[in-house]
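**Q** Quick one: sequence plus predicted model below, questions after.
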Amino acid sequence: MADKYKKLLGVIGITAAVYIGLRYLLAYVAPFFAAYLFVRLVNPLTRKIQDRMKIKKEWSTVFLLLLVTGALAFGCWILCDQLIIQIRNVVMNLDGYRRSFGGMVDGCCQALEGTFGINGEDIRQFIYQNIEYMEDRVQVYILPGLFNSSIKYAAGILKGIATFFVIFVAVTLLIRDYDEINDRLLKYSPYRKFLDIMDRLWNIGGAYLKAQLSIILIVTVLCVLGLWLLGNPYALLVGIVIGLLDALPFIGTGTILLPWAVICLIRGDFFYAASYATLFLITNGVREYLEPVLLGDKLGVYPIVIAIVVYAGICIFGVAGVILGPVMLFLVVEILKAIFPKKEICEMKEQFRR
C-alpha cells in the first residue's frame, strides 16, 4: 500500500513539474529550445552540404533558417494583406450590414409568425433589446481597451522580432559545435534518457500536431472554397474563422454553419440553407474521416482524453493550450515510461483500478 502511494506521489510530482515548466519556464527557454530543435532537424542535411559543396555548416544552416523564415513571412504577408482588405470592407459597410441585418430579423420574425403563430413583434423587441445591450457592453468594456490592446500588439511584434534574433544567434552558435557537444553529452545516462523521451515525444506529439494542422488546413480550405462558390465577399475571413473554431473542442464548424443554415431556412432561402448544411456535413465528415487515418493508434490515448486536455490547456494557457495541453499530457506519459519500467506501469494501473 505504501509503495502504491509512493508511486502516486511520483506521478503527481512529475505532472506538477511538467506544468510548472510549461507554465512559468517555457517562455524563457523557448527560443533556445526552438534553436536546438531546428539544428537537430537540419544537422544531417548541413553535413551533406558540407561534404559535397565544402560549405561551412554555419552558413548552410543560416541559409536554411532564412529560407524557411522568408517563405513563412511571405505567406503570412499575402494572407494578412487579403484579410486586412476584407476586414476594412466590413468596417466600411457596417451601416449597410446593419440595415440588412434588420431586414433579415424582420423577415425571420414574419416567417415565424406566419408558420408557428408566434408573435413576431415580441421576438423582434427581444432581439433588438439584446443587440442594444451588447452595443452598450462593447462601448463600456471593449472600446476603451482597444488602445491598450494596440500597444500590446505592437509590443508583441517587437518581442517576436527580438525572439527571432535570439533564435538566429543561438542557431548560429550551436550548429558550429553541435556534433561535439552531442558526442560528449551522450556519455551521460540522463542525456540519453532525455533523447529517448524527445524521440518518442517527437513521434507521438509530432504525429498529433501534424494531423491536427493538416485537418485544420483542409477544413479551412473547404470552408473558404465553399463560401467563395456561394459568392460570399468575405469567404477568406469567415472561412479562416470557421476553420480555427473547428480546432477547438466541443465547438466545430457547426457553431457557425448550422445557425446560418437555420436562419436561411426561416427566411425561405432554401438553396443557401441547404448549401451551408451541406458544407457542414462535408467539413465534419472530412474531420471524422481524416482523424483515424492520420492518427490511427499512434497516440494510444482515447479521443475524449485529447478533448479534455485541449479544453484544460485552453483554460490554463489560453489559446496556446490547444497545443500545450496535449504536449503536457504526452510529456508526462513519456517521462513516466522512462522512469518506470513497463511492468511497473501496468501494476500501477491495476492498483489504481482497485
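**A** Here it is on my side, so go on.

**Q** Could you tell me the end-to-end distance of stretch 226-242?
**A** End-to-end distance of stretch 226-242 (Cα to Cα, to the nearest Å): 12 Å.

**Q** what is the mean pLDDT for that stretch?
**A** The pLDDT scores in stretch 226-242 average 85.

**Q** distance of the closest residue to residue 164 other than its chain neighbours from residue 167?
**A** Of all residues not flanking residue 164 in the chain, residue 69 sits nearest, at 7.1 Å (Cβ to Cβ, 6 or more residues apart in numbering). The C-beta positions use only the backbone N, C-alpha and C, and glycine is treated the same way. Counting by Cβ to Cβ, to the nearest Å, the gap from residue 69 to residue 167 is 9 Å.

**Q** re earlier: the residue nearest to residue 164: how many residues sit nearby?
**A** By other Cβ atoms under 10 Å, the residues close to residue 69 number 13.

**Q** Please, which helix or strand holds it?
**A** helix 57-92 (DSSP states H and E).

**Q** what does the average pLDDT come to for that helix?
**A** For helix 57-92, mean pLDDT rounds to 78.

**Q** again, but for stretch 251-268
**A** 80.

**Q** in it, what's buried?
**A** 252-257, 260-261, 263-267 (16 or more other Cβ atoms under 10 Å).

**Q** Adding secondary structure and distance to residue 203, write these out as JSON lines.
**A** Formatted as JSON lines, the buried residues of stretch 251-268 follow (DSSP: H, G, I helix; E, B strand; the rest coil; distance: Cβ to Cβ, whole Å):
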{"residue": "252", "secondary structure": "coil", "distance to residue 203": "28"}
{"residue": "253", "secondary structure": "coil", "distance to residue 203": "29"}
{"residue": "254", "secondary structure": "helix", "distance to residue 203": "32"}
{"residue": "255", "secondary structure": "helix", "distance to residue 203": "33"}
{"residue": "256", "secondary structure": "helix", "distance to residue 203": "35"}
{"residue": "257", "secondary structure": "helix", "distance to residue 203": "35"}
{"residue": "260", "secondary structure": "helix", "distance to residue 203": "40"}
{"residue": "261", "secondary structure": "helix", "distance to residue 203": "40"}
{"residue": "263", "secondary structure": "helix", "distance to residue 203": "45"}
{"residue": "264", "secondary structure": "helix", "distance to residue 203": "45"}
{"residue": "265", "secondary structure": "helix", "distance to residue 203": "46"}
{"residue": "266", "secondary structure": "helix", "distance to residue 203": "49"}
{"residue": "267", "secondary structure": "helix", "distance to residue 203": "50"}
